[in-house]
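**Q** Here you go, sequence then predicted model.
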Amino acid sequence: AQTVTQSQPEMSVQEAETVTLSCTYDTSENNYYLFWYKQPPSRQMILVIRQEAYKQQNATENRFSVNFQKAAKSFSLKISDSQLGDTAMYFCAFMKETGNQFYFGTGTSLTVIP
Amino acid sequence: KAGVTQTPRYLIKTRGQQVTLSCSPISGHRSVSWYQQTPGQGLQFLFEYFSETQRNKGNFPGRFSGRQFSNSRSEMNVSTLELGDSALYLCASSLGTGPSYEQYFGPGTRLTVT
């Protein structure tokens, strides 16, 4: 079974500062994908960033980057130069290489303070 | 390009009734997945359809069912509603099935059971 744990229910950050959201997971799979999704107050989930487990290089997307530690089963999200529009619930998710089902963490509610 | 649409957006039903929710995927997308989102259980996978076939089903009772039509639109049905079925129901669509295909989420249908 796959489990995803987000240990920070709520976080806040000052505008323009950097914040890191934590995620750990448990799986016996060797090949899999990890994701961070953002769910703004309007509720539509948006993909932030994706990481393939067999790729050692950490994924980056503009101000968003991940720190993927496969051995530690850790997948944290770093948001640089935080903006008010980053205020949202952030979900870490796991997907098997051969599947199409997300296993989601419980989410971290991030508030960017002006 | 239109996004994933879900109808209705809000719904209030009484215990014991049944309900049908609809999801229209992005044009050309053939895979549709459904998730239930509640404060207590988080995001849980319901089922996935690809080319009118159910490929995978989550751990939900038989009261939850779904189908996909030839135009890829999908419906999910919940019979004999219970208070615990109150949730936000999200659908996601993708071109194909598997983690290499980005999944796009709809805004959700908020179901309240009284």
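**A** That came through fine. Numbering: from 1, shown residues only, chains lettered A, B, ... in the order given.
**Q** Name every strand pairing with the least confident helix or strand in chain A by mean pLDDT and say which way it goes.
**A** Ranked by mean pLDDT, DSSP states H and E, the weakest helix or strand in chain A is strand A:60-61, scoring a mean of 94. Looking at strand A:60-61 with DSSP bridges, its partner strands are strand A:64-69 (antiparallel).
**Q** If you count neighbours, what's buried in whatever helix or strand comes next after the partner strand?
**A** With elements assigned by DSSP states H and E, the helix or strand that comes after strand A:64-69 is strand A:74-79. Neighbour counts over strand A:74-79 (16 or more other CB atoms under 10 Å in any protein chain shown) mark A:Phe75, A:Ser76, A:Leu77, A:Lys78, A:Ile79 as buried. The C-beta positions use only the backbone N, C-alpha and C, and glycine is treated the same way.
**Q** ok, what's across the strand from the first one?
**A** Listed beta-bridge partners, A:Phe75: A:Phe68 (assigned using DSSP bridges).
**Q** for it, what are its contacts?
**A** Applying CB atoms under 8 Å, 6 or more residues apart in numbering or on different chains to A:Phe75 gives the contacts A:Cys23, A:Thr24, A:Tyr25, A:Leu34, A:Trp36, A:Gln51, A:Val66, A:Asn67, A:Phe68, A:Gln69, A:Cys92.
**Q** rerun at 10 Å
**A** By CB atoms under 10 Å, 6 or more residues apart in numbering or on different chains, A:Phe75 lies in contact with A:4, A:21-25, A:34-36, A:49, A:51, A:53, A:58-59, A:66-69, A:92-94, A:105.
**Q** got it, and B:Leu88?
**A** B:Leu88 sits next to A:39, A:43, B:6, B:35-39, B:43, B:107-111 when contact means CB under 10 Å, 6+ apart.
**Q** If any of those residues are buried, give me the ChimeraX selection for them.
**A** Of the contacts of B:Leu88, the buried ones go into a single ChimeraX selection, burial set by 16+ other CB under 10 Å:
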select /A:39,43 /B:6,35,36,37,43,107,108,109,110,111
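**Q** State the pair within the contacts of B:Leu88 that is farthest apart.
**A** Farthest apart among the contacts of B:Leu88 by CB to CB are B:Gln6 and B:Pro39. That separation is 19.7 Å.
**Q** mind checking the backbone torsions on B:Tyr49?
**A** Backbone torsions of B:Tyr49, given as degrees, to the nearest 10, read phi -120, psi 140.
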